[in-house]
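Enquirer: Model the following, please.
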Amino acid sequence: MPLFPRLLLVSILFSGFASAATTAVSLETDYTGAPAFSINTSDTEVRDLSNLSGLTPGQSIQVEFTPSAPAFWEGFFYYPAGELTVTWTATVEINIDGNIFSFTDTWTLGPQIVPESGAGGVYGYQFGADPESHAFVVPWGTDLSDVTITLRDLTSISSGYFTWSTMSLNGTLTTSSVPEPSAMALSLILPAALLLRRRRK
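Expert: Next comes the predicted model:
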């Protein structure tokens, strides 16, 4: 058998993780009410990721959340004259069988000086940073039938107040097997060894 097909076969055998469940997630918080200097609202969804048919038994399981777009904020706030800073904060918490993993996206307007003539109320919207995937590894045997994912809107304003604030985030949750370190090392060593053998001929 020629060396190149052997090398290609080994690379295919050890490339990537075995994948199983994939499910869509759509989260949206909402605050409408009395004037508030800071927001603390949340939205939670529950997903069943217990389908393990595509995973390798005994191997650790990676649960990955991949946003399909940046976090999106929309709302209304009033700001007086003086120094103004608005800080938008979207925190995501994923609870997997009691193991809580989280990440936060924060972006800011200001500080900037608002003149007396510029004070007033404004409707606005903002996008967060470019979306990034976040992966968490749990042992084989972890209960994946009741995975919860929560979006928290922790937006705040240095002066003034909000009367409406909504935060939304969409994406997917995916499970995959994580190869043991020895298998991952083998996937690197074998192609390198075959390439070295080819060069020596």
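
Enquirer: Tell me which helix or strand comes right after the helix or strand of the chain with the lowest mean pLDDT.
Expert: Counting by mean pLDDT, DSSP states H and E, the chain has its least confident helix or strand at helix 3-14, which shows a mean of 36. Using DSSP states H and E, the helix or strand that follows helix 3-14 in sequence is strand 19-36.

Enquirer: which other helices and strands contact the helix or strand following that next one?
Expert: Of the helices and strands lying after strand 19-36 in sequence (DSSP H and E), the nearest is strand 41-47. When contacts are defined as 3 or more Cβ pairs under 8 Å, 6 or more residues apart in numbering; DSSP states H and E, strand 41-47 packs onto strand 19-36, strand 147-153, strand 161-178. The C-beta positions use only the backbone N, C-alpha and C, and glycine is treated the same way.

Enquirer: Direction included, what does the next helix or strand after strand 41-47 pair against?
Expert: Remark: after strand 41-47, the chain's next helix or strand is strand 60-67, criterion DSSP H and E. With DSSP bridges as the test, strand 60-67 is paired with strand 134-138 (antiparallel), strand 161-178 (antiparallel).

Enquirer: tell me which residues in the first one are buried?
Expert: Buried residues in strand 134-138, defined by neighbour count with 16 or more other Cβ atoms under 10 Å: 134, 136, 138.

Enquirer: now swap in stretch 89-98 and tell me
Expert: The neighbour-count check on stretch 89-98 (16+ other Cβ under 10 Å) flags 89-96 as buried.
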